Each structure stands twice: as C-alpha cells, then as structure tokens.
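K.L.:
Need a 3D model of the following:
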Amino acid sequence: MGILELMLGKSGPGEQGVEGQSYALPKETHDFVYPVAVHREELEAFADLLAAEAEAPSLESAGDLQAAFDGMVDGRSDEVDTENLAERMQRPRNATEPVIETWREGVDRDIGVVYAHTDTYDHLLAFVKLCKQRDENDDDPFELPESFPQAAALLKRVQEGTDSKYRALVHTDILPN
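P.N.:
This is a model prediction of the structure:
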C-alpha cells in the first residue's frame, strides 16, 4: 500500500470506467463542491452589501410587522403569522453571511479560489434579490452600496462556476457551515 492509501483509507478498483485505483474518503468529512475563481474586491463588495442591509432599518421584527399588519382592514391582521414572515425575511441573509465570511477568510490575495455547493448560488441570488427589492421600495431607507456592481460580478461568477460539470472533492473543514 502507498502513503495515500494509508492516509485516506482503503483503495479499490476504479469506478465509473476509470482505470487504476480510486480512494474511498469518508462522506462525513468530504464533500463535492464547485471551485470558483474570485477577486478579493468582489468578496469585499458582497460583505459591504451584507453590512448595508444589516445597518438599514427595516420591518424585520415580529412586533414591527404585527404593528404594520394591524392597520389592515376587515380585522384580518391576526391571520398573518408575523414571526414566520420575519424569519423568512432573514433567511437569505442567514444563508449568505457565513458563506461570504468563510470565503473572505480563505482568500488573502487579489485573486483566489472559493468552493461553492450546488445551492450556494441560489442563496446568494435570493439575498441580492432581497437587496434590490429593498432598494427599489421608496418606503425602505435601504440603498445599494456603490460597490454593488462588484457584488453582482461575484454572483455571476458563482453562477457560471456552479453550472459547470467540473467538481472537486474537498475536506469539509474549508467549507462554510
């Protein structure tokens, strides 16, 4: 047995028509992801977008939402589950924040590689859509930061990277939670 077989576990005959050896890695510690090349400025722009959205006041608490719905006609405001609605409004941010933070920690040069799961693009897209909706709403004080085009470029890069057939197998220690 070679050093890789000792380090990674057992080896066996190749699978899926590949000649030679394949290595069995534990599923608990390894995952298939899409490597995506990114610019540091794009990651910083997305972090700025997250910060701008977090700092802008919004109707995100269940109490604020309930107060807004209390003005509805016909007394039907009690039919609206404001806690569920507040949670749904925070879902895109909660899914996006750890991804961007992990990527920022992992890229210390002007250009780097990040790893995206198949659903990463959907999470980033949902957050960008939420930000654009808030920006277009005249009653919402939120404004897109000037660096938004770089954040949009990151979103496009992740979309292109996750549309490819090329995947990598990496240890889960380097992936966002």
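K.L.:
CA atoms only for the host helix or strand of residue 155 - export them in CSV, please.
P.N.:
Per DSSP states H and E, residue 155 falls inside helix 148-162. Extracted C-alpha coordinates of helix 148-162, given in CSV (Å, rounded to 0.1, in the frame of the first residue of the first chain):
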residue,chain,number,x,y,z
PHE,A,148,-22.8,46.7,-5.8
PRO,A,149,-21.6,46.0,-9.4
GLN,A,150,-18.7,44.0,-7.9
ALA,A,151,-21.1,42.0,-5.7
ALA,A,152,-23.2,41.3,-8.8
ALA,A,153,-20.0,40.2,-10.6
LEU,A,154,-19.3,37.7,-7.8
LEU,A,155,-22.9,36.4,-8.2
LYS,A,156,-22.4,35.9,-11.9
ARG,A,157,-19.0,34.2,-11.4
VAL,A,158,-20.6,31.8,-8.9
GLN,A,159,-23.5,31.1,-11.3
GLU,A,160,-21.0,30.2,-14.1
GLY,A,161,-18.9,28.1,-11.7
THR,A,162,-21.8,26.0,-10.4
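K.L.:
Helix or strand next in line after that helix, which one?
P.N.:
Per DSSP H and E, the helix or strand that comes after helix 148-162 is strand 168-171.
K.L.:
Report the buried residues of that following strand.
P.N.:
Using 16 or more other C-beta atoms under 10 Å as the test for burial, strand 168-171 gives residue 170. Heads up, the C-betas are built off the backbone N, CA and C, glycines and all.
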